[in-house]
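Visitor: Fold the stuff below for me.
(2 chains)
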Number of protein chains: 2
Amino acid sequence: MLGAPISSRQAKAGNLPKRRAFPLFGADGVSSVAYAPDEIILTVLIAGQMALAYSPWVGLGVATILMLVIGTYRYNIQRVGEKGDFALVQKNLGTGFAVLLGAAMMVDFVLTVAVSLSSATQYLESLLPALYSHQRLVACSLIAVVTLVCLRGINFMFRVAHWPTYIFLLLLGGTLVFGLAADMAGTLGTAVSADYEIAQSTSPEELATGVGLLVLLLRVFASGSVAMTGVNTISNATRAFARPRPRNAALTLMLMGSVTSLLLVGVLYLTWRTGAIFVLDPAQTLRVDGQNVSSDFHQTSLLLQISDTVFAAHWVTVLLGVSTVGVLVVAAMTAFTGFPMLATVLAHRQYLPVYLSARDSTALYGNGVLVLGLSSMVLVGVVGPDVHTLVQMYIVGAFTAMLLTQVSVLKNSWLAQRITPDTKKRRLIWRDLIITSIGVLASGTVLMVIILTKFTHGAWFSMLLILFLLGLMMKINKHYQRVDRQLALPQTEAELAEARALPSRVHALIYVERVRKPVLRAVSYARATRPSSIEALVVNIDEERTRQNIDAWQQLGLPLDLTVLDAPYRNPVDAVMDYVHRSRQKSPRDVLVIYLPEYVVSRWWEGIFHRRTVHRLKAQLRHEPGVVVASVPWQI
Amino acid sequence: MLGAPISSRQAKAGNLPKRRAFPLFGADGVSSVAYAPDEIILTVLIAGQMALAYSPWVGLGVATILMLVIGTYRYNIQRVGEKGDFALVQKNLGTGFAVLLGAAMMVDFVLTVAVSLSSATQYLESLLPALYSHQRLVACSLIAVVTLVCLRGINFMFRVAHWPTYIFLLLLGGTLVFGLAADMAGTLGTAVSADYEIAQSTSPEELATGVGLLVLLLRVFASGSVAMTGVNTISNATRAFARPRPRNAALTLMLMGSVTSLLLVGVLYLTWRTGAIFVLDPAQTLRVDGQNVSSDFHQTSLLLQISDTVFAAHWVTVLLGVSTVGVLVVAAMTAFTGFPMLATVLAHRQYLPVYLSARDSTALYGNGVLVLGLSSMVLVGVVGPDVHTLVQMYIVGAFTAMLLTQVSVLKNSWLAQRITPDTKKRRLIWRDLIITSIGVLASGTVLMVIILTKFTHGAWFSMLLILFLLGLMMKINKHYQRVDRQLALPQTEAELAEARALPSRVHALIYVERVRKPVLRAVSYARATRPSSIEALVVNIDEERTRQNIDAWQQLGLPLDLTVLDAPYRNPVDAVMDYVHRSRQKSPRDVLVIYLPEYVVSRWWEGIFHRRTVHRLKAQLRHEPGVVVASVPWQI
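Guide: Below you'll find the predicted structure:
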């Protein structure tokens, strides 16, 4: 649709400068500020409105771990380099873990699209309340549009995709600065939702025990850790950066981490100060003006609530909402560039169907884009565009992938220090080793916390999905290896000579439905190949028609016999297959060429007027060894 | 599923005795008593409850015309004989009218199924009120079941189908006899619905004018004429009767007409006497106990209302209801035996796709059964199982078909009397001529009344559908004739000699995706046919893969060259098609055989793991003249 075809020579390697790469690949991380605060607040609020004061501290905690992971992830980027993390994990931890990494990353990509565009749907609803009753449709349409754009206009997208991110950062940054200034000046108002009452679901006694509070804090932290899922995206995109690639990618990662941390803490601080709330199930827990809210009550995201509180003018909020949708769409698009790359790597290693590694006419891995689009559409269609549920599934995949890469780097460094005799170099490696260990510890702890606190909330689904994909890819790999073994060329000279030998004789059979021009052509072509024997076959379904065929055949005066096959149950395919079987048994080492005269209609729908016998015959004959099916088409 | 295969020799011509043929082919006519009274009463009631007294007279009118038509139809059966009415109409009125007859009969068959099984659904609902909210589903399931039974168990059906009709006749006859006796004894009660009030839709002033009353009476008559639609069914089934076929069919027709007339008049008389009512739109027009009825109010059919009034025991009504469903199902089944016969005749004459004339393994025209089942399911699915609406569509098709046959007989007799010199014979023919004229007049008048009074109520749809089918069949015929002209064998000896001549040279091309065993086999087979030239083709999509292929090829040491085709836009199909075009241009009179090594997976779903290139190549090559596509399968 969009975009001219691009030849293999034109398609070039990535060389994006940082100022273009950051807004593109950083969008995934930065855009998490659109939903991470909501997730943190709705978990905090389980402990009641009083607990809101804890939320900035949770934000700080998430930011600290994020910076820690990023700080240690720089080594990953250098190690992974341009080879990709699949190769790294395969080398250090073995094929099983590498395929597990692939499965986790696939789930991560699907959920990046699902979460980002579901969140975008939520923002669109806040701007256009009329969309509220059509959530699923809006979200699926959004996915469809993004898929189509990525399928056809990816180059255009690359040229403009930095604008939404920069505008979003400008608007949100501005909002936070104005809000903090107002807070210091004491002029910051309270949010509309600060007056809502919340029905408390957890009893205060339960929280009073240390264990209850700890579990809640861990759950809040696990929810907040969704802000870290953008780390993978940049590390996977290393190949698209300008040289020196690892350095530029690491710097961009650092920048993304700092910006995300600042925004997250800022938003959570202002949430606390304005008293804005966001709960999981408003119809169950919210009371406005002393009354339970109706089931179609729509909560506004915290970002927009804060903006509405800070600025008197509502149009700033509308602008912020639009730019948030923009940055979320860009985040989804990065998944559409990352997934096909991953699928290509896996398909190339025979863990996914081969055509996922085929580039289409615009030099894109179009099949991968389609698979990602359809998978996320199915997920959102089934689960619904419910950010809270999807986030629980999201974090497992992302952290599993991160942890696997980090552990590989750790093992790699460990092995390196053992074979490095130079003390100075060894010390440097040991420094890396320690830093990486800290990263592994951080990611590992986060993953454990997520699995422990979120298992029943949706994490089980991602884990099952990852395991299923792992099993599926192993199965696919086995299939390909079996095929490869069977089709491999003979290795010894004797076997080769046998394979090169020609079959002793070629028998030609011509299938005749009605003696007309196409049959004549098939007979000519068959005779031109000078087979050892040649014979025409007609199946007797209808006595009258058969007699007509025999008469016409005799009038043609051709130098070959017409054999009439009996078909008591009127199935011509069975009759021919029977005859072929018997012929093959008589001379199993000869080749049987079956000529099928076919007429090809000019318009596809004209096909419904004609018998499918030849088609069915072809499908059956494919399973017959030593048989060549020669179609002799006649174009009408 | 059901039924063993039946060979062509076992399948024999029909020889049903009258006692078996009447309940089978008469079911269509007799079963109309299940819905015709409802249709008459709901039309009469437009003039208010007072008009009910007219209804038995309308019944008598319908019965009179029915007997008139049947009396004259005997000649049709004799003339049509075993050749079928398509041939008769074609001979006397030309091909156009014969195809029109075919279209009208097809619509008639589809609506026989739709009306009968929708009415059966209504009766089932009266017996099991729980079904009421699933009308469409029940009706469509019923159609599906009947289709399946007719597809597989038709022989079993033929053995048991007379029971429902006989039981129905016995029960309904008994009910009428008991009712009439009670009426004479003065002990007949009133129906429950006699107390309902009806909101009058037509103002009494309007009816007071002669025109208004006449129009209403004509409408009532047109509704009642649905009782005559069964005439066709018996006349079309003449071939299934025992010899002498025309005589037996005519007697059965007479019997069916008498029974239907008696039942219809009896039911209408008792309806009047019990005061039972049946209205079109209960929610709009009915008031029970001074209150409008709810929209899910279910009216019971008149047959069951009368039975409930005559007998104190409700189980008699249940039995009658079940047997009514039975006879309606048999009526639908006769359409399933008639439609495929008609489709075969039309397909044989190239007005419908050929495979409608193919008998399957149980000697049935299964495709016709499927087409009828699907069409009526679509109709009922779209229109809903609404007997009233469907009946309006039904009568047009049935009467158009009847009229066309009668006019043909008339013209035939007219021509016969002109060429018959013998005065005595001429007088006999003239007698036929006059009787047939009366029949034509009767049917023609009924058809006119139907079209005039029912056009806006649904008749327009059948008329459009008939015209559409007429156009479609003409179009199909043109397509087949064009194909026949193009494929006809050459007539002159010179042309024949040219067609017999062998192409001067055969060039072999072998498409290579990867140099593996299937390619080796294709090369051996191609070489075995000793072509004038032989060449292998590989498309360069991926430099590395191409180099591997070239290396492997060189190691094989085969005596033919591997040509590398460039594919800048990575489409192997385009590259090969391009090469084939160029080869064809160089030597247009030679034959090009393209060998496609294929591997065939053992399980169908394994196909998704492999490229579709060979498949796409085959589809494209079919449109290339002078090209033979030879598939060399390798079974894995």
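Visitor: residue ranges with poor pLDDT in chain A?
Guide: Along chain A, segments meeting pLDDT under 70 span A:1-14, A:80-82, A:153-154, A:200-210, A:359-364.
Visitor: host element of the residue most central in space within it?
Guide: Among the residues of chain A, the one closest to the centroid is A:L372, at 3.4 Å (C-alpha atoms, centre = their mean). Here A:L372 is covered by helix A:366-383, with elements defined by DSSP states H and E.
Visitor: now A:D484
Guide: Element membership of A:D484 [criterion: DSSP H and E] is helix A:459-487.
Visitor: name the helices or strands packed onto the helix or strand just after that helix?
Guide: Using DSSP H and E, the helix or strand that follows helix A:459-487 in sequence is helix A:493-500. For helix A:493-500, the packing partners by 3 or more C-beta pairs under 8 Å, 6 or more residues apart in numbering or on different chains; DSSP states H and E come out as helix B:517-528. From N, CA and C alone the C-beta is placed, and that goes for glycine too.
Visitor: Does anything pack onto the helix it packs on? Which helices or strands?
Guide: helix A:459-487, helix A:493-500, strand A:591-600, strand B:506-512, strand B:533-540, strand B:591-600, strand B:627-635.
Visitor: So what touches it?
Guide: A:486-490, A:499-503, A:506, A:591, A:593, A:628, B:508, B:510, B:512-513, B:534, B:536, B:556, B:558, B:560, B:593, B:595-599, B:630, B:632, B:634 (C-beta atoms under 8 Å, 6 or more residues apart in numbering or on different chains).
Visitor: follow-up on the earlier one: show me what the helix holding A:L372 is packed against.
Guide: Using 3+ C-beta pairs under 8 Å, 6+ apart: helix A:366-383 touches helix A:95-127, helix A:135-152, helix A:314-348, helix A:387-419.
Visitor: and B:V614, which of the helices and strands packed on helix B:517-528 is closest to it?
Guide: B:V614 lies closest, by C-beta to C-beta, to one member of the helices and strands packed on helix B:517-528: strand B:591-600, at 5.1 Å.
Visitor: excluding its backbone neighbours, what's nearest A:V259?
Guide: Leaving out its chain neighbours, the residue that sits closest to A:V259 by C-beta to C-beta, 6 or more residues apart in numbering or on different chains is A:V30, at 6.0 Å.
Visitor: Neighbours of that neighbour, how many?
Guide: 27 (other C-beta atoms under 10 Å in any protein chain shown).
Visitor: Packing partners of the host helix or strand of it?
Guide: Taking DSSP H and E as the definition, A:V30 sits inside helix A:27-31. Helices and strands touching helix A:27-31, by 3+ C-beta pairs under 8 Å, 6+ apart, are helix A:95-127, helix A:162-185, helix A:230-236, helix A:245-274, helix A:314-348.
Visitor: So which of those helices is nearest B:R159?
Guide: When the helices and strands packed on helix A:27-31 are ranked by distance to B:R159, counting by C-beta to C-beta, first place goes to helix A:95-127 at 57.8 Å.
Visitor: Could you list the buried residues of the closest one?
Guide: By neighbour count with 16 or more other C-beta atoms under 10 Å in any protein chain shown, helix A:95-127 contains the buried residues A:97-126.
Visitor: For the closest residue to A:I306 other than its chain neighbours, give me its contacts.
Guide: Leaving out its chain neighbours, the residue that sits closest to A:I306 by C-beta to C-beta, 6+ apart is A:L270, at 4.9 Å. Counting by C-beta under 8 Å, 6+ apart, A:L270 makes contact with A:176, A:179-180, A:183, A:188, A:276, A:306, A:309-310.
Visitor: how near is the spatially closest residue to A:H162 that is not a sequence neighbour to A:A331?
Guide: Spatially, and ignoring its direct neighbours in sequence, A:H162 is nearest to A:P23 (3.6 Å; C-beta to C-beta, 6+ apart). Distance, A:P23 to A:A331, by C-beta to C-beta, to the nearest Å: 11 Å.
Visitor: Check A:D590 too.
Guide: Counting by C-beta to C-beta, the gap from A:D590 to A:A331 is 63 Å.
Visitor: So those two - more neighbours on which side?
Guide: A:A331 (31 against 18).
Visitor: Helix, strand, or coil at the residue nearest to A:H162?
Guide: Of the three states, A:P23 takes helix according to DSSP: H, G, I helix; E, B strand; the rest coil.
Visitor: what about it, neighbour count?
Guide: Neighbours of A:P23 using other C-beta under 10 Å come to 23.
Visitor: my guess is it meets A:Y166, correct?
Guide: Yes. With contacts counted by C-beta atoms under 8 Å, A:P23 reaches A:Y166, the gap being 5.7 Å.
Visitor: circling back to that earlier point, give the contact list for the residue nearest to the centre of chain A.
Guide: Contacts of A:L372 (C-beta under 8 Å, 6+ apart): A:109-110, A:113, A:147, A:335-336, A:339-340.
Visitor: Tabulate those in CSV, adding columns for distance to A:R622.
Guide: Putting those into CSV (distance: C-beta to C-beta, whole Å) gives the following:
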residue, distance to A:R622
A:F109, 37
A:V110, 36
A:V113, 39
A:T147, 34
A:A335, 39
A:F336, 37
A:F339, 34
A:P340, 32
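Visitor: A ChimeraX selection for the contacts of helix B:517-528, restricted to the buried ones, would help me check which they are.
Guide: Buried residues among those (16+ other C-beta under 10 Å), as a ChimeraX selection:
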select /A:487,489,499,500,503,506,591,593,628 /B:508,510,512,513,534,536,556,558,560,593,595,596,597,598,599,630,632,634
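Visitor: What residues sit buried inside the helix or strand that comes right after the helix holding A:V30?
Guide: Once helix A:27-31 ends, the next helix or strand along the chain (criterion: DSSP H and E) is helix A:36-44. The neighbour-count check on helix A:36-44 (16+ other C-beta under 10 Å) flags A:36-44 as buried.
Visitor: Which elements pack onto whatever helix or strand comes next after helix A:36-44?
Guide: Using DSSP H and E, the helix or strand that follows helix A:36-44 towards the C-terminus is helix A:55-80. Other elements packing on helix A:55-80 under the criterion 3+ C-beta pairs under 8 Å, 6+ apart are helix A:36-44, helix A:85-93, helix A:210-224, helix A:230-236, helix A:245-274, helix A:387-419, helix A:423-454.
Visitor: Let me have those in TSV, adding distance to A:H298 as columns.
Guide: Formatted as TSV, the helices and strands packed on helix A:55-80 follow (distance: least, C-beta to C-beta, whole Å):
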stretch	distance to A:H298
helix A:36-44	13
helix A:85-93	40
helix A:210-224	21
helix A:230-236	27
helix A:245-274	18
helix A:387-419	13
helix A:423-454	25
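Visitor: buried sites along stretch A:559-575?
Guide: Within stretch A:559-575, the residues scored as buried using 16+ other C-beta under 10 Å are A:560, A:562, A:564-565, A:567, A:569-575.
Visitor: is that stretch anywhere near chain B?
Guide: Yes. Stretch A:559-575 lies within reach of chain B by C-beta under 8 Å from any C-beta of the partner chain, at A:568-571.
Visitor: Turn those residues into TSV, including distance to B:P421 and secondary structure.
Guide: Shown next, in TSV, are these (distance: C-beta to C-beta, whole Å; DSSP: H, G, I helix; E, B strand; the rest coil):
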residue	distance to B:P421	secondary structure
A:P568	51	coil
A:Y569	53	coil
A:R570	49	coil
A:N571	54	coil
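Visitor: in the stretch 51-200 of chain A, what residue is nearest chain B?
Guide: Using C-beta to the nearest C-beta, A:R152 is the residue of the stretch 51-200 of chain A that sits closest to chain B, at 14.7 Å.
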